[in-house]
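A.B. asks: When you get a sec, could you give me coordinates for this:
(one chain, ligands or ions: 2)
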Amino acid sequence: MATNKFNFGRRARLIRLIAFILILIPILYLLSTYKKDRVFNAYLRSSHLETPKLVKGLGNFEPKDNKIQEGPGEKGLPHYLHQDQQNAADQSESEYGMNIACSDEISLDRTIRDTRLEECRHWDYPANLPSTSVIIVFHNEGWSVLLRTVHSVINRTPKHILKEILLVDDFSDKENLKEQLENYLERFNGVVRLIRNTEREGLIRTRSRGAKEAIGEVIVFLDAHCEVNTNWLPPLLAPIYRDRTILTVPIIDGINHKNFEYRPVYGEDRHFRGIFEWGMLYKENEVPDRELNRRQHNSEPYKSPTHAGGLFAVNRNYFLELGAYDSGLLVWGGENFELSFKIWQCGGSIEWVPCSRVGHVYRSFMPYNFGKLAQKKKGPLITINYKRVIETWFDEKYKEFFYTREPMARFLDMGDISKQLELKEKLNCKSFQWFMDEVAYDVLEKFPELPPNLHFGELRSVAVSKCIDTLGHGPPALMAIQHCHGFGNNQLLRLNAKGQLGVGERCIEADGQGIKLAFCRLGTVDGPWLYDENTHTLLHRVHQKCMALHPQTSHLSLMPCDINNAYQQWLFKEIRPK
Ligand code: LR7
Ligand code: MN
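C.D. replies: Ligands and ions are numbered 1, 2, ... in the order given. Down below sits the predicted model:
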């Protein structure tokens with residue numbers, strides 16, 4: 001019995017031991033493989049993360065191997081066509097504003113240079129980032145450029161975050177964007193969705209439509225000629241994950257419209273942010289120290305007053321709660337300001353994200369017209385858009401700066417903005433002054449408040465009854481004299497109370513060669529000119545000479561003043577939009 005008992009006890013222990021080992025083996029095996037799996041480890045590290053964390057090794061979403069490929073345009077290098085392809089190149093450039101013939105020879109999956117700061121490779125981001133719809137609106141884009149945008153997103157975005165790519169066709173009429181495009185997209189197994197407008201809506205309304213149709217929690221807008229860079233999306237999503245009222249903007253690299261070279265617009269570690277001048281031209285300015293120093297690491301996001309407009313991420317519901325874009329804005333322009341002012345003044349914020357980089361093709365010119373929407377309007381559409389935006393979001397004082405810089409805008413019909421004002425009221429939005437003081441404090445440094453205009457309109461020579469004209473040239477260029485057309489534009493001059501004579505955002509100055517279009521000195525609003533309303537002469541106070549027209553050559557220059565000489569007499573004639 002005793003032996004039996006002993007035997008039984010020993011056997012039971014043995015069985016327990018074997019069972020224990022049997023259970024342990026798979027556990028040990030699993031642990032050893034998990035150890036090898038960096039993604040799982042990273043997941044363990046970061047699933048609890050609320051905010052990104054700088055780590056020693058590679059960040060959790062970094063690609064493990066960098067693809068090496070050979071071929072035209074690989075690594076983002078420029079690609080040059082052969083001499084005998086010049087015709088095709090020229091033709092596509094005049095059709096699309098970019099060299100599609102060159103793009104056609106470059107792989108849709110080409111590699112590009114990683115242009116990020118080195119530090120960017122070492123951030124862990126929260127693992128459960130919000131699902132994302134990438135929305136790309138397009139009107140008559142070149143095939144290979146549009147599809148390279150799609151391919152780059154597919155290739156460089158973690159699958160589990162990318163809910164869909166939503167293509168919204170704004171009534172293109174190019175043949176290859178019809179059935180051929182639908183067939184091509186089938187290979188993406190439903191990840192890429194295509195919807196089409198039944199009439200031309202312009203990019204602004206088309207984006208709002210895309211936002212409504214999207215199914216992701218976050219929406220990211222891209223122009224239809226972009227290439228996203230390594231690990232571009234997680235850093236854009238991380239701030240939104242923390243706070244749904246943050247709109248994030250990637251740093252935009254340039255893709256050359258002739259040879260498709262991919263390269264950063266600015267040097268490596270200087271940070272820029274979006275501002276504006278008083279005619280509402282978009283500008284970029286080095287980020288003030290006050291903002292930079294708020295951060296711990298140089299690759300962290302920083303706040304920006306505004307952004308270029310095309311590329312950004314935002315929580316979809318938040319965007320829709322803000323009314324998406326003002327639907328009264330037509331086709332192109334100003335929507336970036338509308339959204340920026342709205343977000344900032346109504347409690348949200350905008351961050352630029354150095355670790356997210358996206359390339360964009362800057363075209364040589366705009367290859368499309370504004371369609372029927374523009375024909376219904378009197379005056380330039382973009383200025384009408386700006387007027388809607390400033391009338392909604394600016395305080396009275398700042399509205400005056402806009403009208404001083406764009407005198408004809410006062411007379412433009414901007415339509416009804418009561419819905420926008422209601423929204424501003426409802427959301428209890430702050431004043432523009434608050435925005436200028438707390439967010440856009442670098443704007444007034446660059447573009448000080450504008451003294452009122454003493455005169456604006458065309459400047460007509462008494463002697464020949466023709467007008468001063470820039471001929472559309474950029475500075476530095478000689479000013480010319482032309483038949484007066486009454487539309488303003490290159491003939492719309494203004495003289496302010498501090499003696500600055502300007503056309504658009506440029507200034508008119510004089511030197512030994514003649515009367516010239518020049519860059520206004522940054523941060524100043526004064527100038528040398530004095531107009532005498534009795535003698536109609538324009539005195540240059542520094543040179544103590546007057547603006548004169550040469551009777552034979554029509555050259556404009558400074559001459560010793562002679563108030564009785566009709567070639568030195570000038571009349572400002574106010575003009576109205578036609
Ligand atoms: O009627 C149109 N319908 C469209 O769908 C006109 C255009 N589009 C599409 C077009 O195919 C493209 O995909 O809309 C997108 C933007 O149009 P672009 O590329 O002609 O605009 P852009 O790059 O010249 O201009 C910038 O300013 C615009 C103002 O309304 C938009 O905000 C653009 O998105 C914006 N682009 C960028 O911010 C990229 C960086 C450029 C800079 C600085
Ligand atoms: Mn663009």
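A.B. asks: average model confidence for stretch 521-540?
C.D. replies: The pLDDT scores in stretch 521-540 average 97.
A.B. asks: Show the end-to-end separation of that stretch, please.
C.D. replies: The first and last residues of stretch 521-540 sit 17 Å apart, counting by CA to CA, to the nearest Å.
A.B. asks: If you count neighbours, what's buried in it?
C.D. replies: 525, 527, 528, 529, 531, 535, 536, 537, 538, 539, 540 (16 or more other CB atoms under 10 Å). Glycine gets a C-beta too; all of them are placed from N, C-alpha and C.
A.B. asks: Next: stretch 118-136.
C.D. replies: Buried-residue list, stretch 118-136, by 16+ other CB under 10 Å: 119-127, 129-136.
A.B. asks: follow-up on the earlier one: with distance to ligand 1 and secondary structure as extra columns, can I get the buried residues of stretch 521-540 in JSON lines?
C.D. replies: Output for the buried residues of stretch 521-540, formatted as JSON lines (distance: CB to the nearest ligand atom, whole Å; DSSP: H, G, I helix; E, B strand; the rest coil):
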{"residue": "525", "distance to ligand 1": "25", "secondary structure": "coil"}
{"residue": "527", "distance to ligand 1": "29", "secondary structure": "coil"}
{"residue": "528", "distance to ligand 1": "33", "secondary structure": "coil"}
{"residue": "529", "distance to ligand 1": "32", "secondary structure": "strand"}
{"residue": "531", "distance to ligand 1": "36", "secondary structure": "strand"}
{"residue": "535", "distance to ligand 1": "45", "secondary structure": "coil"}
{"residue": "536", "distance to ligand 1": "41", "secondary structure": "coil"}
{"residue": "537", "distance to ligand 1": "42", "secondary structure": "coil"}
{"residue": "538", "distance to ligand 1": "36", "secondary structure": "strand"}
{"residue": "539", "distance to ligand 1": "39", "secondary structure": "strand"}
{"residue": "540", "distance to ligand 1": "36", "secondary structure": "strand"}
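A.B. asks: Grab the two from these that are most spread out in space.
C.D. replies: 525 and 535 (25.6 Å; CB to CB).
A.B. asks: Quick one: the helices in the stretch 251-400 of the chain, in order.
C.D. replies: Listed in chain order, the helices of the stretch 251-400 of the chain (DSSP state H, counting those that start in this stretch) span residues 289-292, 316-321, 335-345, 371-375, 381-393, 396-405.
A.B. asks: Go through these and find the least confident stretch.
C.D. replies: Looking at the helices of the stretch 251-400 of the chain, the weakest mean confidence is helix 371-375, a mean of 74.
A.B. asks: wait, which of the helices of the stretch 251-400 of the chain is closest to residue 14?
C.D. replies: It is, among the helices of the stretch 251-400 of the chain and with distance given as CB to CB, helix 316-321, at 61.9 Å.
A.B. asks: Pull out the buried positions in the closest one.
C.D. replies: Buried residues in helix 316-321 (16+ other CB under 10 Å): 316, 318, 319.
A.B. asks: Stretch 491-506 too?
C.D. replies: 491-496, 499-504, 506.
A.B. asks: tell me the contacts of the residue of the stretch 1-150 of the chain found nearest ligand 1?
C.D. replies: Per CB to the nearest ligand atom, residue 139 is where the stretch 1-150 of the chain lies closest to ligand 1, at 3.5 Å. Going by CB atoms under 8 Å, 6 or more residues apart in numbering, residue 139 touches 169, 170, 171, 172, 200, 203, 206, 368.
A.B. asks: count of neighbours near the third one?
C.D. replies: Other residues within reach of residue 171 by the criterion other CB atoms under 10 Å amount to 15.
A.B. asks: Just the local confidence number for the residue nearest the centre of the chain, please.
C.D. replies: With distances taken as CA atoms, centre = their mean, the residue of the chain nearest its centroid is residue 308 (2.3 Å). You'll see residue 308 listed with a pLDDT of 97.
A.B. asks: Skipping its backbone neighbours, what lies nearest residue 468 in space?
C.D. replies: Once flanking residues are discounted, residue 468 sits nearest to residue 459: 4.5 Å by CB to CB, 6 or more residues apart in numbering.
A.B. asks: For that neighbour, give the beta-bridge partners.
C.D. replies: In this entry, residue 459 is beta-bridged to residue 572, by DSSP bridges.
A.B. asks: Run a quick check on it versus residue 575, I expect a contact.
C.D. replies: No - at 11.0 Å, residue 459 does not count as touching residue 575 under the criterion of CB atoms under 8 Å.
A.B. asks: which of those two has more neighbours?
C.D. replies: residue 459 (28 against 20).
A.B. asks: so residue 538 bridges to which residues?
C.D. replies: In this structure, residue 538 bridges to residue 531 when assessed by DSSP bridges.
A.B. asks: which ones are touching it?
C.D. replies: Going by CB under 8 Å, 6+ apart, the list of residues near residue 538 reads 501, 529, 530, 531, 532, 546, 547, 568, 570.
A.B. asks: The last one and ligand 1, how far apart?
C.D. replies: When distance is defined by CB to the nearest ligand atom, to the nearest Å, residue 570 is 36 Å away from ligand 1.
A.B. asks: Any stretches of the stretch 1-150 of the chain with poor pLDDT?
C.D. replies: 1-9, 26-48 (pLDDT under 70).
A.B. asks: residues in it within reach of ligand 1, list them.
C.D. replies: 137, 138, 139, 141 (CB under 6 Å from any ligand atom).
A.B. asks: quick one on the thing from earlier: turn the buried residues of stretch 491-506 into CSV, columns for distance to residue 386 and pLDDT.
C.D. replies: Putting the buried residues of stretch 491-506 into CSV (distance: CB to CB, whole Å; pLDDT from 0 to 100) gives the following:
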residue, distance to residue 386, pLDDT
491, 20, 98
492, 15, 97
493, 20, 98
494, 17, 98
495, 22, 98
496, 20, 98
499, 26, 98
500, 21, 98
501, 23, 98
502, 17, 98
503, 18, 97
504, 13, 96
506, 18, 98
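A.B. asks: Looking at the residues you listed, spot the one nearest residue 187.
C.D. replies: Out of the buried residues of stretch 491-506, the member with the shortest distance to residue 187 (by CB to CB) is residue 504, at 47.4 Å.
A.B. asks: Would you mind confirming that the closest one is in contact with residue 278?
C.D. replies: No - when contacts are counted by CB under 8 Å, residue 504 is not listed as touching residue 278 (11.4 Å).
A.B. asks: domain parsing for this structure?
C.D. replies: Domain ranges of the chain: 10-43, 92-361, 453-573, per automatic domain parsing.
A.B. asks: Please identify the deepest-packed of the ones you listed.
C.D. replies: domain 92-361 (a mean of 20; mean count of other CB atoms under 10 Å).
A.B. asks: Straight-line length of that domain, end to end?
C.D. replies: Per CA to CA, the first residue of domain 92-361 is 14 Å away from its last.
A.B. asks: And stretch 129-149, by the same measure?
C.D. replies: Per CA to CA, stretch 129-149 runs 22 Å from first to last residue.
A.B. asks: got it, and stretch 110-125?
C.D. replies: 26 Å.
A.B. asks: and residue 194, helix, strand or coil?
C.D. replies: strand (DSSP: H, G, I helix; E, B strand; the rest coil).
A.B. asks: longest strand anywhere in this protein?
C.D. replies: strand 349-361 (DSSP state E).
A.B. asks: angle of it against helix 335-345?
C.D. replies: Counting by axes from the mean of the first three to the mean of the last three CA atoms, to 10 degrees, strand 349-361 lies at 160 degrees to helix 335-345.
A.B. asks: Adjacent strands (with direction) for strand 349-361?
C.D. replies: In the sheet, strand 349-361 lines up with strand 226-228 (antiparallel), strand 246-255 (parallel), strand 302-303 (antiparallel) (DSSP bridges).
A.B. asks: Of these, give the one that comes closest to ligand 1.
C.D. replies: Of the strands paired with strand 349-361, the one closest to ligand 1 (CB to the nearest ligand atom) turns out to be strand 246-255, at 5.0 Å.
A.B. asks: and that closest one, anywhere near ligand 1?
C.D. replies: Yes - using CB under 6 Å from any ligand atom, strand 246-255 reaches ligand 1 at residue 252.
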